[in-house]
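> 3D model of this:
(one chain, ligands or ions: 2)
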Amino acid sequence: MKPVHLAPSILSADFAQLGVQVEEVLAAGAGYVHVDVMDGHFVPNITIGPLIVAAVKPIAVRFSAVVDVHLMIDKPDRFLADFARAGADVLTVHVETCPHLHRTVQAIRELGVRPGVTLNPATPLSTLEEILPSLDLALIMSVNPGFGGQSYIPTSTDKIRRLRAMLDAIGSAAELEVDGGIKPGNAAEVVAAGATVLVAGSAIFGGPSISDNVVAFHNALN
Ligand code: DX5
Ligand code: ZN
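Ligands and ions are numbered 1, 2, ... in the order given. Sure thing, here's the model as predicted:
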């Protein structure tokens, strides 16, 4: 069995305390830092860019953590080099934004970054079929992208299961990441369906103690 990693989404962090909070989640045992990049076009919200990736990178390096950048932007090809330079270890693009997805994935790899691809809840898994052998990560969106704190869409579990079968059928070692509405209460279900990386924003950065929230996830998975 592949190890399961927690990927706290800094979208829900307190940006005035970003360094301290990233350090806290990594010290508590999270293995990834998930960075949600939104452009106000592909999704109805604007967030952050390469400057924040560069700011969290040295902290991630200290903990040997993966800087996991999720691009919710139109024409992502324009910015791949900037995010690679800023320190992204994984760059994930949406199939809905990439008319030449194979070229985009190759461009990410040529930059020395691990390529990921994701799809919106209503986009069928068949859109991943041809690109799957080229990926290091496939991401199932379990909410409509744009905002933290939304509820997990229950049909996502079956989609995770079907993606797990597709990956296993081709012998892929790619990570299967799930993003949106993940809490300690549904983490075990998502992992049982085949996920290996769990993104969580509000469930990690909300409430009085970030490190207790990370521990709650680890307890839920044991
Ligand atoms: C949604 C983002 C998610 C989001 C997750 O568009 O891609 O990463 O921050 O937040 P929660 O865990 O609160 O659903
Ligand atoms: Zn995300």
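> contacting residues for the residue of the chain found nearest ligand 2?
For the chain and ligand 2, the shortest gap (CB to the ion) falls at His70, measuring 3.7 Å. Every C-beta, even on glycine, is put in place using the N, C-alpha and C of the backbone. Residues in contact with His70 (CB atoms under 8 Å, 6 or more residues apart in numbering) are 34-37, 92, 116, 118, 139, 179, 199.
> at 7 Å instead, please
With contacts defined as CB atoms under 7 Å, 6 or more residues apart in numbering, the neighbours of His70 are 34-37, 92, 179.
> now it, which residues is it bridged with?
Asp36, Thr92 (DSSP bridges).
> any idea how far Ala188 is from it?
Going from His70 to Ala188 by CB to CB, to the nearest Å gives 23 Å.
> returning to what we had before: any idea how far the residue of the chain closest to ligand 2 lies from Leu125?
Remark: distance between His70 and Leu125 (CB to CB) = 18 Å.
> ok, Ala195 - how many residues close by?
Residues near Ala195, counting by other CB atoms under 10 Å, number 29.
> confidence score at Ala188?
At Ala188, the pLDDT value in this model is 98.
> nope, Met1 is what I meant
As predicted, Met1 sits at a pLDDT of 73.
> show me the contacts for it.
Met1 touches nothing, counting by CB under 7 Å, 6+ apart.
> going forward can the numbers begin at 14, since that is how I track them
Got it, the first residue is 14 from now on, which makes the last one we talked about Met14.
> Quick one: name the residues of the chain near ligand 1.
22, 24-25, 47, 49, 83, 156, 158-159, 161-163, 192-195, 212-216 (CB under 6 Å from any ligand atom).
> Mind checking which of those residues are in strands?
If you go by DSSP state E, the residues of the chain next to ligand 1 have 47, 49, 83, 192, 212-213 in strands.
> Identify the farthest-apart pair in the residues you listed.
For those, the farthest-apart pair by CB to CB is His83 and Ala213; their separation is 13.0 Å.
> So the nearest residue to Ile217 once chain neighbours are set aside versus Gly219, what's the distance?
Excluding its sequence neighbours, the residue lying closest to Ile217 (CB to CB, 6 or more residues apart in numbering) is Pro21, at 4.3 Å. Pro21 sits 11 Å away from Gly219, going by CB to CB.
> same question, Ala40
Relative to Gly219, and taking CB to CB, Ala40 is found at 18 Å.
> Quick check: residues of this structure near ligand 2?
Residues of the chain found near ligand 2 (CB under 5 Å from the ion) are 49, 83, 192.
> from the residues you listed, which is closest to Ala68?
Asp49 (14.7 Å).
> Across the sheet, point out what pairs with Val79.
When bridges are called by DSSP bridges, Val79 pairs up with Tyr45.
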